[in-house]
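**Student:** could you look at this predicted model? Sequence included:
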Amino acid sequence: MSKIVVFIVSVLVGLILYMSKPSWLFPDAIKGRPLASLYVPGKSGHAGLLWILTDGSFSYGTSSTTGNSKTTGRGGLFCKTRLYRYNPVDKKVISMQVDKYDDLPSHSFSLFLKDDDVWCISPQSFRIFRYNSHTGERDLETASFCARFSELSAGIGKIRVEEKPWRLNLQTTDGRDFVYKFSKDSLYSKQSIESQKRQEIIRRRQMRIRENINQSKSATRIMNLQQEKNSPSEVSSDFFLVKEQNSDVRHRLCILSGPAQNIARFRFSSLQDTSRFEKNQLSQPLVMKQVFLEGALMYKDSEYAIVVHQDQVGKDADRIISCYDTKGKLRFMLEEHQLLKGMALSKDDSFSTWFFISHNMHADIAGDVATLSLQGNKRGGVIGVSLTTGQRLWEFNN
């Protein structure tokens, strides 16, 4: 009898150790539900590292009844996040930092690289952290960030993160609004930002007037466009995913080139509206022959676009992720069996459709590596793909 008890206790202890994965027993295990991830390319021959933020809290369901209505929610114990620096090739944890919370941490974190700094921001928890991307050392947090600007002495009551360009919209606890620009490392009042926007609108209008005058003096608009093309510093490209005529599910990837300021304000809605291209001094779009069924843009910048699509219409379809450059060259294509399990399209799971899963699936590009990640999901993880060879480089799967 005693041997059976010892055996049962040993099995239970083993299960507890395996489930909790203590660092002294599993030094390279990533614990918790992935919340955000970021790939930081290596320098001087060093391997790039994957930064992974996870929720390490113990959560449980809660419910309460008031009259005839019942509400459910989530509660937590030992609430915390863990930020790992992880070598995805060697599958080794380089470092790990823990931050404790009074309640379950929000799943809406922003983790991004700006210059040589990694920023980790939680809008709902009003937390701002900055790390050295090479050493992983934290050199700034919310309190020290606020101490840099006297305007934030009352504390931060609201944070909203904006991309392209990266900036923080901040509201203090005493109700004042500010904008922090990462590129300038400076804080501006909301009024001054709005004033700058008005001035920029006026400047662009004046430029358009001058352009129209110049065009009237030129032989043709085409000559003006050619002059613009001869000035590489002013030429830019952008990607648009446009529906085919008479179809809601067939999409074509279009690449436009022209003056950067015209590209920025152009809204591409129809392949047939060709007159708008010449009017905005844009070249005729490069339209990909590939048809993207149920297509959606996961990521785009001035060089690459990453598209998620399907091999057919309907519940039996497989999900595909493809990447193209501005010349229309396919950089990589991953079929469903090459993706993480949680990224697959399942006919038995309506929540696997892009409408529901889009807020958890993300794509990014750093250096020569494209990363495809699934966050906020127990089956979360990250895939690294080479833009040069189109091959999968590594995979982290929680």
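**Tutor:** Thanks, I have it. Numbers count the residues shown, from 1 in each chain.

**Student:** from here on, contacts and neighbour counts on C-alpha atoms
**Tutor:** Noted.

**Student:** so who does the closest residue to Met361 other than its chain neighbours touch?
**Tutor:** With sequence-adjacent residues excluded and distances taken as Cα to Cα, 6 or more residues apart in numbering, Met361 is closest to Leu374, at 4.7 Å. In this structure, Leu374 makes contact with Pro34, Leu340, Gly342, Met343, Asn360, Met361, His362, Gly380, Gly381, Val382, judged by Cα atoms under 8 Å, 6 or more residues apart in numbering.

**Student:** quick check: the gap between the first one and His46.
**Tutor:** If I follow you right, that is Pro34. When Cα to Cα, to the nearest Å is applied, the distance between Pro34 and His46 equals 25 Å.

**Student:** return the item of the contacts of Leu374 having minimum pLDDT.
**Tutor:** Among the contacts of Leu374, Gly380 has the lowest pLDDT, at 81.

**Student:** which is the next helix or strand following the least confident helix or strand in the chain by mean pLDDT?
**Tutor:** Least confident element among the helices and strands of the chain, by mean pLDDT, DSSP states H and E: helix 221-229 (a mean of 45). Sequence-wise, the next helix or strand downstream of helix 221-229 (DSSP states H and E) is strand 235-243.

**Student:** so what strands line up beside that next one?
**Tutor:** strand 250-259 (antiparallel) (DSSP bridges).

**Student:** with just CA atoms, put the strand it pairs with into CSV.
**Tutor:** Taking C-alpha atoms only, strand 250-259 is exported to CSV below (Å, rounded to 0.1, in the frame of the first residue of the first chain):
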residue,chain,number,x,y,z
ARG,A,250,-10.8,37.8,-55.3
HIS,A,251,-8.1,40.3,-54.6
ARG,A,252,-5.1,41.5,-56.6
LEU,A,253,-1.9,43.0,-55.2
CYS,A,254,-1.0,46.3,-56.8
ILE,A,255,2.2,48.3,-56.5
LEU,A,256,2.3,52.0,-57.1
SER,A,257,5.3,54.2,-57.5
GLY,A,258,5.6,58.0,-57.6
PRO,A,259,6.4,61.1,-55.4
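
**Student:** quick check: mean pLDDT across that strand?
**Tutor:** What strand 250-259 shows for mean pLDDT is 86.

**Student:** do the same with stretch 115-125
**Tutor:** 92.

**Student:** what does it contact?
**Tutor:** Identification of contacts with stretch 115-125 by Cα under 8 Å, 6+ apart yields 105-106, 108-113, 127-134, 158-161.

**Student:** what about that stretch, start to end distance?
**Tutor:** Using Cα to Cα, the gap from the first to the last residue of stretch 115-125 comes to 25 Å.

**Student:** next, the buried residues of it.
**Tutor:** Asp117, Val118, Trp119, Cys120, Ile121, Ser122, Pro123, Ser125 (16 or more other Cα atoms under 10 Å).

**Student:** so the second one bridges to which residues?
**Tutor:** Per DSSP bridges, the residues bridged to Val118 are Leu113, Tyr131.

**Student:** state the distance from it to Thr72.
**Tutor:** Summarising the geometry, the distance separating Val118 from Thr72, computed by Cα to Cα, is 36 Å.

**Student:** how about the first one?
**Tutor:** When distances are taken as Cα to Cα, Asp117 and Thr72 turn out to be 40 Å apart.
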